[in-house]
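Enquirer: Here is a sequence together with a model predicted from it:
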Amino acid sequence: MAAPKHLPLHHISRSAGHVLVQYLYTDTYRTMIWIGPTDGQKEMIAKLRTAFEVYDTAHKYDLKGLVELAREQITILRKDIDAFIIINIFKEAYPTAKANDFWFRAFIKDTIKKAFEQPATPLPAKTATDETTATDLAVEEQLVNQDLPFDNILLQGALEV
């Protein structure tokens, strides 16, 4: 099978495109230098999103070596990232998994298993006798104005059970 002369890459970010070009020239997985905030997990989350995009693109163009490298990156980067964030990332960056992508199925299963073993602290249910503080009101206001995907609600409920 001859390789296409032009690859449409408008669907991926510049960071994923950078990794793809680096791989095509050097057979390595190299990301762009991070120039964002260094506090919190923003860098790890951005790199995980890029790895999922690379994984999807490598599958699309049958780049088996790059698929393996992206898997390694995803496995390393997901260590300290909340399961809900991982789910949101893969929904954006790898929206339709292939039926024969057994590694991805195992990855998701393992992510959920780890979430059950170390669940995040759920928000307490508010009762009629609770006293409302300024902090409670601020948290409530944030939650009221925030959309929450159904799968996040479903997984959170399962974790709490």
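Expert: Ah, there it is. Residues are numbered from 1 along each chain as shown.
Enquirer: what number of residues lie near T50?
Expert: 27 (other CB atoms under 10 Å). C-beta: built from backbone N, CA, C; applies to glycine.
Enquirer: list the helices and strands the strand or helix carrying it packs on?
Expert: T50 belongs to helix 42-60 when assigned by DSSP states H and E. Counting contacts by 3 or more CB pairs under 8 Å, 6 or more residues apart in numbering; DSSP states H and E, helix 42-60 packs against helix 14-26, helix 64-77, helix 83-93.
Enquirer: for the protein, what are the low-confidence residue spans?
Expert: Residue ranges of the chain with pLDDT under 70: 1-8, 119-161.
Enquirer: domains of it?
Expert: For the chain, automatic domain parsing gives the domain ranges 14-118, 125-161.
Enquirer: Can you say which of the ones you listed is packed in most?
Expert: Using mean count of other CB atoms under 10 Å, the stretch among the domains of the chain with the greatest mean number of neighbours is domain 14-118 (a mean of 16).
Enquirer: Contacts only, for the closest residue to T50 other than its chain neighbours.
Expert: Computed as CB to CB, 6 or more residues apart in numbering, the closest residue to T50 that is not its neighbour in sequence is S15, at 4.4 Å. If you count contacts by CB atoms under 8 Å, 6 or more residues apart in numbering, S15 has them with 31-32, 46, 50, 53.
Enquirer: All set, thanks.
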